[in-house]
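*Asks:* Fold the following.
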Amino acid sequence: MADGSADTRPRLFEYCSKRGFVTQLAEVTEQEPQQIADRLGLSRHLMADGYALLLLIGSVARQDFAWHATTQFSGGWVKERIYYKDKNRMRSSVEYVRVADQTRFAAYQGDGYQLEGTWNAFISEQETLLQARDGCKRIVKIVPFLKGGPGDYPNVKRNAAAQWELLVAKEFYCAKIVTNRGIIRAGEFDATHAG
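*Replies:* Residues are numbered from 1 along each chain as shown. Okay, here's the model as predicted:
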């Protein structure tokens, strides 16, 4: 979610085009920046220079996003033991798989290996959630002003936030620049910037 240098930072009250991870406003209100970092699966040092709160304005189609469950699974990945046959012996290894793939397969099993009706209905619900443009369920993006590296996006151990990944750039509105000690207040954006 980090964008890095001051030249690429979103500017207050301006529109910008972004892709990447998003969540709901309720997941980031009434918390210190370090708490938001913990909740979103960001290393705390990424919030040291503050961050921008972007409100999603553009609409999101089904092919525009990937559901990644919660920030408990960094980037939507989870470790799973995989079993396979090698030279007539059963072997196993631990590999990373998408939590969405696990969920989709479980839904497919639940449907008796027929059509993927349960999964399709679930993804339709996710698409509907991504259309929220007001209230606590409105879709937002947190953009820390420090750029992170590969080790800066850990799995969240408790109190994880919902997460989706926008696969294509969408229009956002920079509603707030938050200092390293600022807090986003609940209800702060309810009546404005409905998009």
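
*Asks:* who's in contact with the residue nearest to residue 165 when sequence neighbours are not counted?
*Replies:* The shortest distance from residue 165 to any non-neighbouring residue, by Cβ to Cβ, 6 or more residues apart in numbering, is to residue 66 (4.6 Å). (Each C-beta comes from the backbone N, C-alpha and C, glycine too.) Residue 66 makes contacts with 76, 100, 164-165, 167, as judged by Cβ atoms under 8 Å, 6 or more residues apart in numbering.

*Asks:* Which of these lies at the shortest distance from residue 24?
*Replies:* residue 164 (9.5 Å; Cβ to Cβ).

*Asks:* Checking my notes, that closest one in a helix, right?
*Replies:* No - applying DSSP: H, G, I helix; E, B strand; the rest coil, one finds residue 164 to be strand, outside a helix.

*Asks:* ok, it touching residue 65?
*Replies:* Yes - using Cβ atoms under 8 Å, residue 164 is in contact with residue 65, at 5.1 Å.

*Asks:* about what we covered before: looking at the contacts of residue 66, state which has the most neighbours.
*Replies:* residue 164 (23 neighbours; other Cβ atoms under 10 Å).

*Asks:* how near is the residue nearest to residue 165 to residue 125?
*Replies:* With the distance defined as Cβ to Cβ, to the nearest Å, residue 66 ends up 15 Å from residue 125.
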